[in-house]
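*Asks:* how does the following fold in three dimensions:
(2 chains)
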Amino acid sequence: MKKSVNTSSHSVLKVSNLTKDFSGIRAVNQVSFELSSGSITAVIGPNGAGKTTLYNLLSGNLAPTSGSVKLEGKEIVGLTPDRIVQAGIGRSFQITSVFPNLSVEQNIRVAVISRQQKQFDFWNNLESDRALNEAIREILNLVGIETLAKSPVSLLSHGDRSLVELAIVLALKPNLILLDEPTAGMSREETQRIVQLIKHLQQSTDCTFLITEHDLDVVFNLAESIVVMHQGKIIAKGNYQEISDSSEVRRVYLGT
Amino acid sequence: MFDRLHWIIITISIAGLFLLPVILAPFDLLLLTEILLMGLFALSFNLLFGYTGLLSFGHAAYFATGAYVCGYLVKHSVPFFLAILAGVIAALVLAAGLGYLSVRLDRIYFAMLTLAFSMMVYTIIFQWRDVTGGSDGITGIFATDLGIPGISIKLQGFSAYYYLTLILVAIAIYLLWRITHSPFGELLQASRENYQRLLFLGIDVRQLRWIAFILAGGFAGLAGALWSPFQRVANPEIAHWTFSATPVLMTVLGGYGRFAGPLVGATLFIGLEHWLQSNQRYFWQWLASLPLFPDTLVERQLNLWHLFLGLLLIPLILSFQGGLLASIEKIGKYFFPQRSQS
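*Replies:* Purely as a prediction, here's the structure:
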């Protein structure tokens, strides 16, 4: 359950006083936290707590009203989403977002083209590009979806589609991965598969994960630190023990 | 990638296109030149429509720019090859400017904006009489020599111009093929599928679309630059939005989901058009044989081949959904099920 503390870990992401107002409603309120490299952190909280807004702020989908987000010491507030990806943050969406009419392989290829900075290659044939093909193969193997390579994503099950989305995010080789409800709408087997995969990825790469998740079993199984949000504010953060000891958390979740 | 069948088809087509002037009548060569030019126009349109998912309803603006700039320069004794180049560059520049604004929108808004811009171009062409000849257009555009210094390449006769067109269009088609099968081309298709996902994969999608728009404008400009010396005239009709509808129809007819779809569509469309123009009397005879059809209409024999074209296109488009080429492939798969789709 407990993961040995990595002595060389440093802060990958530093969020300070991040705030977002929507016409009078403060969706994210003075949020501050840090993520250390190689860690898995979960953001939990009731619906409407501001988790998805927080994600949209971190990934550049929304501009914050105030506050700062530093990735490896560099300010990323104000950058467009594509720049933030290039800086090293990849994200998934709560509602699975892929390229439905392209094959699994093509989906991953798009991400690899971006990663390898080949978007202005107008000339070379895709299918004979060895560097592209090797990177695609590597990701297919890593996620375990080699057998699906040629299938159009639109024909896959919801669980497999989520795996494809995870695969294209991984293909970017980001420093930090934001996963928004990665197990939403999945069967127990599929959930287990995702959990195992994320654990495996954490051990085999130096990726840092930030996950929102409503399934608390998944959260306690995966995350070594947890951030609890309520009405836009962080009401507790720490490990499982610290969270469950918090009277504030118990009040929000259990009404006691 | 290409398998053997593809190569055989391509080799035979190219060899056939080079040998055709030997056996064809001059009129058929004109028809073939027209198919090549309109085919390139439709292919350039499909870079935006089929690949990028942007329905441009103003693609005629770039075709007309190429046609007018080239026509004007040829008329003023600029060497033909330079005039072609200038036509292409003018189309590229115009596409860069109008595309920069157009790609900010998508779906119907993109279609309407491109249509509005093209009608601005039409109005300029129509009003700027001193340069464009207004409603008469630029007439008497004769390109008799390619004009490359030191080399005399005469363009008199139908077959010489046909060969010039064939070579330039073949090069352009090859370039388009490379582009659509390159990493850039793959990203275009991804942007058609899911704009947001591509943006969150680190791609500046607006810039991507802008480049596609400029390229599409450039290839349309080349088709136009070869069009006006071929027709000997550049008239404002080719800037009108109804002309923008032609590549749309050709592409839908041939199939926007296949690289060669617009070429097949252009061939079918122009073939039908000419066949109807010369054979519409049979339609009138058929109409006259219908009971209750007013005889006065038949006697007047109005020039209504457009009506007959429409009547033929409706069942064609309805029965070949996804385009003629996709339907042929489906039939091919039925007979040769072991061949996998490349």
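
*Asks:* which element is the residue in the stretch 51-200 of chain A that chain B sits nearest to on?
*Replies:* Closest to chain B within the stretch 51-200 of chain A is A:Val85: 3.3 Å, counting by Cβ to the nearest Cβ. Every residue, glycine included, has its C-beta placed from N, CA and C. Using DSSP states H and E, A:Val85 sits within helix A:81-87.

*Asks:* ok, the residue of the stretch 51-200 of chain A closest to chain B - how many residues close by?
*Replies:* If you count neighbours by other Cβ atoms under 10 Å in any protein chain shown, A:Val85 ends up with 25.

*Asks:* hang on, the earlier thing: run through who's touching the helix holding A:Val85.
*Replies:* A:58-61, A:71, A:74, A:76, A:79, A:114, A:172, A:174, B:199-205 (Cβ atoms under 8 Å, 6 or more residues apart in numbering or on different chains).

*Asks:* in strands, which of these appear?
*Replies:* The strands, defined by DSSP state E, take in A:Leu71, A:Lys74 from these.

*Asks:* buried ones among the contacts of helix A:81-87?
*Replies:* Buried members of the contacts of helix A:81-87, counted by 16 or more other Cβ atoms under 10 Å in any protein chain shown: A:58-61, A:71, A:76, A:79, A:114, A:172, A:174, B:199-205.

*Asks:* for the nearest residue to A:Val31 once chain neighbours are set aside, the count of nearby residues, please.
*Replies:* Nearest residue to A:Val31, sequence neighbours excluded (Cβ to Cβ, 6 or more residues apart in numbering or on different chains): A:Leu18, at 4.5 Å. By other Cβ under 10 Å, 23 other residues sit near A:Leu18.

*Asks:* export stretch B:59-70 to PDB, keeping only CA atoms.
*Replies:* Only the C-alpha atoms of stretch B:59-70 are listed here, as PDB (Å, rounded to 0.1, in the frame of the first residue of the first chain):
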ATOM      1  CA  HIS B  59     -13.100  27.800 -54.000                       C
ATOM      2  CA  ALA B  60     -13.800  29.500 -57.300                       C
ATOM      3  CA  ALA B  61     -12.100  32.600 -56.000                       C
ATOM      4  CA  TYR B  62      -8.600  31.000 -56.200                       C
ATOM      5  CA  PHE B  63      -9.300  29.300 -59.600                       C
ATOM      6  CA  ALA B  64     -10.500  32.700 -61.000                       C
ATOM      7  CA  THR B  65      -7.500  34.500 -59.500                       C
ATOM      8  CA  GLY B  66      -5.100  32.100 -61.200                       C
ATOM      9  CA  ALA B  67      -7.100  32.400 -64.500                       C
ATOM     10  CA  TYR B  68      -7.300  36.200 -64.500                       C
ATOM     11  CA  VAL B  69      -3.700  36.800 -63.400                       C
ATOM     12  CA  CYS B  70      -2.300  34.400 -65.900                       C
END
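
*Asks:* which pLDDT value does the model give the residue of the stretch 51-200 of chain A closest to chain B?
*Replies:* Listed pLDDT for A:Val85 reads 97.

*Asks:* with the one 5 residues further on instead?
*Replies:* Confidence at A:Gly90, expressed as pLDDT, is 96.

*Asks:* what helices or strands is the host helix or strand of it leaning on?
*Replies:* Using DSSP H and E, the element containing A:Gly90 is strand A:89-91. Packing partners of strand A:89-91 (3 or more Cβ pairs under 8 Å, 6 or more residues apart in numbering or on different chains; DSSP states H and E): helix A:51-58, helix A:158-171, strand A:176-180.

*Asks:* and the first one with chain B, contact?
*Replies:* I take that to be helix A:51-58. No. Helix A:51-58 lies out of reach of chain B by Cβ under 8 Å from any Cβ of the partner chain, never closer than 10.6 Å.

*Asks:* tell me what that helix is packed against?
*Replies:* By 3+ Cβ pairs under 8 Å, 6+ apart, helix A:51-58 packs against strand A:11-22, strand A:25-36, strand A:40-44, strand A:89-91, strand A:176-180, strand A:208-212.

*Asks:* got the angle between that helix and strand A:11-22?
*Replies:* Interaxial angle of helix A:51-58 relative to strand A:11-22 (axes from the mean of the first three to the mean of the last three Cα atoms, to 10 degrees): 110 degrees.

*Asks:* return the mean pLDDT over helix A:51-58, rounded to an integer.
*Replies:* Mean pLDDT, computed over helix A:51-58, is 94.

*Asks:* near chain B, anything from the host helix or strand of A:Gln106?
*Replies:* In this assignment (DSSP H and E), A:Gln106 forms part of helix A:104-115. Yes. With Cβ under 8 Å from any Cβ as the criterion, chain B is reached by helix A:104-115 at A:Gln106, A:Arg109, A:Val110, A:Ala111, A:Ile113, A:Ser114, A:Arg115.

*Asks:* hmm, who's touching that helix?
*Replies:* Applying Cβ under 8 Å, 6+ apart, the contact partners of helix A:104-115 are A:85, A:98-99, A:102, A:119, A:121, A:126, A:132, A:135-136, A:139-140, A:145, A:148-151, A:153, A:156, A:164, A:167-169, A:171-173, B:183, B:186-187, B:189-190, B:198, B:201-203.

*Asks:* and for stretch B:19-28?
*Replies:* Stretch B:19-28 is contacted from outside by B:Leu29, B:Leu32, B:Phe158, B:Ser159, B:Tyr162, B:Tyr163, using Cβ under 8 Å, 6+ apart.

*Asks:* so where's chain B uncertain?
*Replies:* Low-confidence segments of chain B (pLDDT under 70): B:1-2, B:297-303, B:338-342.

*Asks:* around chain A, pick out the residues from it.
*Replies:* B:1, B:178-179, B:181-187, B:189-190, B:193-194, B:196-205, B:208.

*Asks:* from those residues, list just the buried residues.
*Replies:* The neighbour count (16+ other Cβ under 10 Å) marks B:179, B:181-187, B:189-190, B:193-194, B:197-205, B:208 as buried among the residues of chain B next to chain A.

*Asks:* can you list which of these are found in helices?
*Replies:* B:179, B:183-187, B:189-190, B:193, B:197-199, B:205, B:208 (DSSP state H).
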